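Visitor: Just need the structure, nothing else, for what follows:
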Amino acid sequence: MPPPARAPELPAAEWSAPLPHEGSAQALADWWSRFDDPSLAQLIDLAQRENPTLAQAGQRIVEARANVRVAGAALAPTLQANARTTRGNTLMIGAGLPAATTMSSATLDASWELDLFGAARNREAAALARVEGSRWQWHDARVSLAAEVADAYVGLRMCEALVDLFDAQARSLATTESLTERKTDAGFAAPADLALARASAAEARSRATAQRADCEVALGQLAMLTAQPAAPLRASLAARRAQLPEPRAFAVDAVPARVLSQRPDLAAAERAALAAAAEVGAAQADRFPRLALTGSIGRSALHFAGQTLTGSTWSFAPSLAASLFDAGRREASVDAARARLAIAEADWRARALGAVREVEQALVRLDAADHRLDDARRAVDGYRSFLDAASAQWEVGAGSLLDLEQARRNAQNADVALVQTRRERVSAWLALYKAVGGGWTVTQ
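Guide: Alright, predicted model coming up:
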């Protein structure tokens with residue numbers, strides 16, 4: 001029997017990425033309560049209750065537990081009751097004529113295969129590891145679902161903010177179009193300026209319409225994730241329309257490699273490796289002889305020619321079976337089990353390295369978004385001031401419409417960039433939440 005399998009160890013990791021908020025220590029628990037938007041936490045709770053993905057993961061736990069009972073039953077004796085009645089013609093010795101006979105019997109049959117080399121115990125250990133793995137997969141489904149709901153919610157709020165920007169831009173351009181039309185009628189503006197103003201206004205309206213369609217798609221995705229109708233969901237989210245959720249300043253405790261031990265996908269992959277190791281032991285044990293004990297007790301009765309004969313029966317039969325030649329089947333089974341173990345261990349290592357990369361990427365993006373946010377705000381202020389000045393000059397006839405439209409386009413691009421940077425910052429927090437296993441610990 002092989003030695004007990006040990007869980008693989010996490011790879012050593014030193015994060016080269018700068019830590020958010022200078023890495024001051026903070027717990028990751030109650031992650032969603034640290035955002036300034038209660039709707040986000042409510043949507044995630046709703047998805048946890050209603051989304052069918054978690055129901056599927058829960059049923060996998062039930063299935064794995066049933067498989068443990070099946071594997072454990074192989075270690076215990078089995079008892080079976082049998083009853084049989086046979087009626088027919090039998091040639092009776094001395095009578096010379098066939099006679100109708102009835103044979104009845106009832107027995108209790110017991111059998112027990114002794115697990116001398118641990119095949120059944122290893123299969124039970126593999127089933128237990130899979131139960132633990134299914135539990136961690138359920139947690140992984142929860143973490144992934146929460147991150148997906150949060151990302152869809154942030155995307156919806158960003159989309160709404162862009163709709164407001166584009167609508168404001170369309171109203172401003174409509175005003176410019178109206179003023180340009182009056183200037184053209186009065187002979188103070190060229191027809192080309194009117195064509196430019198009308199084209200810009202139409203483009204702004206088209207952009208706003210397309211953005212509203214994107215918002216409907218985002219709302220539909222959120223409704224699907226939370227298993228809620230779109231109409232009441234829209235009404236419940238109307239109060240904080242176009243407001244991106246902002247996390248309070250909380251940090252990660254230096255994100256050491258030990259944090260990865262709480263990632264549910266890594267824990268599930270570890271249990272898969274343990275199950276594969278136990279299956280290697282079971283395959284090796286199958287190559288050795290098998291000892292089984294069987295026994296039976298019962299009563300039987302024979303009815304013929306008006307007479308009845310009854311009696312008791314019993315039997316006890318130990319048996320030892322050993323394979324002498326199977327064309328290499330059992331040896332191949334061991335090789336296949338070892339290959340599955342190697343695959344499971346490689347899968348765990350790949351996931352661990354991927355987890356390290358995900359954490360570092362999230363930290364890099366979070367740090368970059370924090371630094372870009374102030375620059376994006378300054379760009380908005382600067383371009384907005386320039387647009388105001390260009391508008392004032394154009395209204396008094398001191399500037400060209402082309403310069404005004406370029407200033408307006410620059411201001412709009414800055415506004416959009418600010419919204420996108422805010423969204424990227426929150427998305428980096430969500431990526432970090434998922435990369436460190438959802439901000440919860442094993443004890444939870």
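
Visitor: From now on I want contacts and neighbour counts done on CA atoms only, so please keep to that.
Guide: Will do.

Visitor: low pLDDT regions in this protein?
Guide: In the prediction, the chain carries residues with pLDDT under 70 at positions 1-30, 90-99, 249-259, 305, 439-444.

Visitor: which helices and strands does the lengthiest strand in it pack with?
Guide: Longest strand in the chain, counting residues (DSSP state E): strand 98-114. Contact partners of strand 98-114 among helices and strands, from 3 or more C-alpha pairs under 8 Å, 6 or more residues apart in numbering; DSSP states H and E: strand 78-91, strand 290-304.

Visitor: How is the chain divided into domains?
Guide: 20-75+115-287+323-435, 76-114+289-322 (automatic domain parsing).

Visitor: got JSON lines for those domains, with mean neighbour count too?
Guide: Output for those, formatted as JSON lines (neighbours: other C-alpha atoms under 10 Å):
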{"stretch": "domain 20-75+115-287+323-435", "mean neighbour count": "19"}
{"stretch": "domain 76-114+289-322", "mean neighbour count": "13"}
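
Visitor: quick one, helices of this structure?
Guide: 38-50, 52-73, 119-186, 191-226, 230-236, 264-285, 329-395, 401-435 (DSSP state H).

Visitor: Show me what the first one is packed up against.
Guide: If I follow you right, that is helix 38-50. Using 3+ C-alpha pairs under 8 Å, 6+ apart, helix 38-50 sits against helix 119-186, helix 191-226.

Visitor: For residue 288, find the nearest of the ones you listed.
Guide: helix 119-186 (9.6 Å; C-alpha to C-alpha).

Visitor: now the closest one against strand 290-304, angle please.
Guide: Our comparison of helix 119-186 with strand 290-304, counting by axes from the mean of the first three to the mean of the last three C-alpha atoms, to 10 degrees, yields an angle of 110 degrees.

Visitor: Can you give the contact residues for stretch 414-427?
Guide: 151, 154-155, 158, 161-162, 165, 244-247, 365-366, 369-370, 372-373, 376-377, 379-380, 383 (C-alpha atoms under 8 Å, 6 or more residues apart in numbering).

Visitor: beta partners of the nearest residue to residue 83 once chain neighbours are set aside?
Guide: What sits nearest to residue 83 in space, not counting adjacent residues and going by C-alpha to C-alpha, 6 or more residues apart in numbering, is residue 106, at 4.3 Å. Applying DSSP bridges to residue 106 gives these bridge partners: residue 83, residue 299.

Visitor: Surely residue 106 is in contact with residue 296?
Guide: No: contact criterion C-alpha atoms under 8 Å: residue 106 and residue 296 do not qualify, at 10.2 Å.

Visitor: Show me the residue sitting in the middle of the protein in space.
Guide: residue 141 (3.2 Å; C-alpha atoms, centre = their mean).

Visitor: For residue 103, which non-adjacent residue is closest in space?
Guide: Nearest to residue 103 is residue 302, by C-alpha to C-alpha, 6+ apart, at 4.6 Å.

Visitor: Make TSV out of the helices and strands packed on helix 38-50 and add distance to residue 438.
Guide: Below are the helices and strands packed on helix 38-50 laid out as TSV (distance: least, C-alpha to C-alpha, whole Å):
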stretch	distance to residue 438
helix 119-186	5
helix 191-226	18
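
Visitor: out of these, which comes closest to residue 314?
Guide: Going by C-alpha to C-alpha, the one of these nearest residue 314 is helix 119-186, 28.6 Å.

Visitor: gap between that closest one and the chain center?
Guide: When distances are taken as C-alpha atoms, centre = their mean, to the nearest Å, helix 119-186 is centred 16 Å away from the chain's centroid.

Visitor: Next: stretch 410-430.
Guide: Distance, centroid of stretch 410-430 to centroid of chain: 27 Å (C-alpha atoms, centre = their mean).

Visitor: And stretch 329-342, by the same measure?
Guide: Counting by C-alpha atoms, centre = their mean, stretch 329-342 comes out at 30 Å from the chain centroid.

Visitor: Return the alpha-carbon coordinates of that stretch using PDB.
Guide: C-alpha atoms of stretch 329-342 as PDB (Å, rounded to 0.1, in the frame of the first residue of the first chain):
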ATOM      1  CA  ARG A 329      -4.700  -5.100 -17.300                       C
ATOM      2  CA  ARG A 330      -4.000  -4.400 -13.600                       C
ATOM      3  CA  GLU A 331      -0.500  -3.100 -14.300                       C
ATOM      4  CA  ALA A 332      -1.900  -0.800 -16.900                       C
ATOM      5  CA  SER A 333      -4.600   0.400 -14.400                       C
ATOM      6  CA  VAL A 334      -1.800   1.400 -12.000                       C
ATOM      7  CA  ASP A 335       0.100   3.300 -14.700                       C
ATOM      8  CA  ALA A 336      -3.100   5.100 -15.700                       C
ATOM      9  CA  ALA A 337      -3.800   6.000 -12.000                       C
ATOM     10  CA  ARG A 338      -0.200   7.300 -11.700                       C
ATOM     11  CA  ALA A 339      -0.700   9.400 -14.900                       C
ATOM     12  CA  ARG A 340      -3.900  10.900 -13.400                       C
ATOM     13  CA  LEU A 341      -2.000  11.800 -10.300                       C
ATOM     14  CA  ALA A 342       0.700  13.500 -12.300                       C
END
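
Visitor: returning to what we had before: so the residue nearest to residue 103 makes contact with residue 88?
Guide: No: here residue 302 does not reach residue 88: they are 11.5 Å apart, not a contact under C-alpha under 8 Å.

Visitor: Compute the distance between the residue lying closest to residue 333 once chain neighbours are set aside and residue 374, please.
Guide: Nearest non-adjacent residue to residue 333, counting by C-alpha to C-alpha, 6+ apart: residue 283, 6.2 Å away. Distance of residue 283 to residue 374, computed by C-alpha to C-alpha, to the nearest Å: 62 Å.

Visitor: ditto for residue 388
Guide: If you go by C-alpha to C-alpha, the gap between residue 388 and residue 374 works out to 21 Å.

Visitor: Same check on residue 48?
Guide: For residue 48, the distance to residue 374 - C-alpha to C-alpha - is 36 Å.

Visitor: For stretch 35-54, what is the distance to the chain centroid?
Guide: With C-alpha atoms, centre = their mean, you get 14 Å for stretch 35-54.

Visitor: Let me fix that, I meant to ask about stretch 231-244.
Guide: On C-alpha atoms, centre = their mean, the centre of stretch 231-244 falls 26 Å from that of its chain.

Visitor: tell me the contacts of the residue nearest to residue 134 when sequence neighbours are not counted?
Guide: Ranked by C-alpha to C-alpha, 6+ apart and with sequence neighbours excluded, the top spatial neighbour of residue 134 is residue 61, at 5.3 Å. Going by C-alpha under 8 Å, 6+ apart, residue 61 touches 131, 134, 135, 138.
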